[in-house]
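Chemist: no letters, just coordinates:
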């Protein structure tokens with residue numbers, strides 16, 4: 001019998017569509033950390049990230065049941081695209097309501113079971129590095145920041161990024177290149193050390 005890790009995403013989707021709800025639970029387990037981290041890096045608010053995360057998987061479930069998913073080999077990219085669209089919808093709605101969120105609270109991205117065996121010093125160092133990276137990403141122009149987040153946290157290919165953002169692959173690659181140049185410059189200018 002196959003373990004859950006050996007079953008492909010495609011097979012889990014098929015099983016879910018046929019009525020096996022445990023298959024969907026396995027998909028959530030597989031991708032929850034990557035999806036949540038991506039959302040949190042953009043919205044920077046734990047409660048909002050939780051809401052969008054839940055809405056993402058509700059929409060994924062609904063879309064799968066309605067056979068709106070076409071297997072192109074990357075389920076996670078499709079899920080990230082759904083979360084990205086929900087984030088955009090949220091900010092559009094917020095803009096229409098003319099509300100502003102100033103919640104810049106520090107968020108514990110490492111409050112996760114996979115870090116439970118680490119000692120407190122390791123957790124604090126990782127947390128500081130994550131905070132430094134988040135601050136560095138905030139120095140980038142929005143177009144460059146978006147490409148970095150989609151590539152690194154969304155694990156999307158440049159082709160997928162170009163389709164999602166409506167630009168050419170070369171433009172997406174160029175934005176990533178300039179983002180890395182800008183990040184290196186900020187790191188060098190501020191003598192930031194991101195090594196654990």
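Modeler: That came through, no problem. No experiment lies behind these values; they were computed from the predicted model shown.
Chemist: can you give me the strands in the protein?
Modeler: Secondary structure of the chain by DSSP state E: no strands are present.
Chemist: return the helix or strand in it with minimum mean pLDDT.
Modeler: For the chain, counting by mean pLDDT, DSSP states H and E, helix 120-138 ranks last in confidence among helices and strands (a mean of 72).
Chemist: show me the contacts for the most centrally placed residue in the chain.
Modeler: Relative to the mean C-alpha position of the chain, the nearest C-alpha, by C-alpha atoms, centre = their mean, is the one of residue 38, at 1.9 Å. Contact analysis of residue 38 by C-beta atoms under 8 Å, 6 or more residues apart in numbering lists 80, 83, 84, 149, 150, 153, 154. For glycine as for every other residue, the C-beta is placed from the backbone atoms N, C-alpha and C.
Chemist: tell me, how many residues neighbour the fourth one?
Modeler: So the one you mean is residue 149. Close neighbours of residue 149, defined as other C-beta atoms under 10 Å, add up to 22.
Chemist: that one contacts residue 140, correct?
Modeler: No: if you go by C-beta atoms under 8 Å, residue 149 and residue 140 don't touch, sitting 9.7 Å apart.
Chemist: so the chain: which segments form each domain?
Modeler: 1-107, 109-196 (automatic domain parsing).
Chemist: pLDDT of stretch 10-20, averaged?
Modeler: In this model, stretch 10-20 carries a mean pLDDT of 89.
Chemist: how far out from the middle of the chain is that stretch?
Modeler: Going by C-alpha atoms, centre = their mean, to the nearest Å, the spacing between the C-alpha centre of stretch 10-20 and its chain's C-alpha centre is 24 Å.
Chemist: buried residues, that stretch. List them.
Modeler: Buried residues in stretch 10-20, defined by neighbour count with 16 or more other C-beta atoms under 10 Å: 12, 13, 15, 16.
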